[in-house]
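Asker: just to be clear, the model below is a prediction. Sequence and coordinates:
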Amino acid sequence: MSMHQGLRQGIGPYNSELVFSAGIIGIVNIFLLLGLLYIYWGSYKEFKSQFILGIIVFIFLLLIQNILFTGFIFIIGGFRGPGMGLPLFITNVIQFIGLSILLKISWD
C-alpha cells in the first residue's frame, strides 16, 4: 500500500483513533467557547454594544455546532467512515488554535 492510499484510508478501522481524538478536541473547544461566552457576556452587560452582541451570537452558534458534532461523534458514533477522521481532526485542531488565541486576547 502506498502512502497516498494509507492517508486516504485513514488510521485504523474507520479512522476511530482520529475521530476519537477529534471528539476530545471538540470537548475542549466547547469549554473554550463557554469561556469566551462568559467574557463577552460580561462585556455586553457593561457596554451594551451591538458589536459585542454580534460576537456573542457568533460564539453561541459555534458552540451549538461543536455540541452537535461532538455529540454526533460520541453518542451516535458518527464520522467513522473511511477517510473521515483526518479532515475532522484537522478542522478541530485548527478551531482549537483559533479559539485559544481569541480567548488569550480576550482574557487580557
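Answerer: Yep, that arrived.

Asker: show me what counts as buried in whatever helix or strand residue 92 lives in.
Answerer: Residue 92 belongs to helix 85-107 when elements are defined using DSSP states H and E. Of the residues in helix 85-107, 85-86, 88-89, 92, 95, 99, 102-103 count as buried by neighbour count, 16 or more other CB atoms under 10 Å. The C-beta positions use only the backbone N, C-alpha and C, and glycine is treated the same way.

Asker: what helices or strands is the lengthiest helix in the chain leaning on?
Answerer: Taking DSSP state H as the criterion, the chain has its longest helix at helix 16-47. Where contact means 3 or more CB pairs under 8 Å, 6 or more residues apart in numbering; DSSP states H and E, helix 16-47 is packed against helix 50-71, helix 85-107.

Asker: which among the buried residues of helix 85-107 gets closest to residue 64?
Answerer: Taking CB to CB as the measure, residue 64 lies nearest residue 95 of the buried residues of helix 85-107, at 13.8 Å.

Asker: how about the nearest residue to the closest one, chain neighbours excluded?
Answerer: Nearest non-adjacent residue to residue 95, counting by CB to CB, 6 or more residues apart in numbering: residue 29, 5.6 Å away.

Asker: now do the same contact list for the one you found.
Answerer: Counting by CB atoms under 8 Å, 6 or more residues apart in numbering, residue 29 touches 66, 70, 92, 95-96, 99.

Asker: can you lay out the residues you listed as a markdown table showing distance to residue 16 and pLDDT?
Answerer: Formatted as a markdown table, these follow (distance: CB to CB, whole Å; pLDDT from 0 to 100):
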| residue | distance to residue 16 | pLDDT |
| --- | --- | --- |
| 66 | 20 | 97 |
| 70 | 15 | 95 |
| 92 | 15 | 97 |
| 95 | 21 | 98 |
| 96 | 20 | 98 |
| 99 | 25 | 98 |
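
Asker: CA atoms only: put the helix holding residue 92 into CSV for me.
Answerer: Taking C-alpha atoms only, helix 85-107 is exported to CSV below (Å, rounded to 0.1, in the frame of the first residue of the first chain):
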residue,chain,number,x,y,z
GLY,A,85,-11.1,11.1,10.7
LEU,A,86,-8.3,13.2,9.3
PRO,A,87,-10.4,16.1,8.0
LEU,A,88,-12.4,16.2,11.2
PHE,A,89,-9.3,16.1,13.3
ILE,A,90,-7.5,18.8,11.4
THR,A,91,-10.7,21.0,11.4
ASN,A,92,-11.0,20.7,15.2
VAL,A,93,-7.3,21.3,15.8
ILE,A,94,-7.4,24.5,13.7
GLN,A,95,-10.5,25.6,15.5
PHE,A,96,-8.8,24.9,18.9
ILE,A,97,-5.8,27.0,17.9
GLY,A,98,-8.0,29.9,16.7
LEU,A,99,-10.2,29.8,19.8
SER,A,100,-7.2,29.6,22.1
ILE,A,101,-5.7,32.7,20.6
LEU,A,102,-9.1,34.5,20.8
LEU,A,103,-9.5,33.5,24.4
LYS,A,104,-6.0,34.7,25.3
ILE,A,105,-6.5,38.0,23.6
SER,A,106,-10.0,38.5,25.1
TRP,A,107,-8.9,37.5,28.6
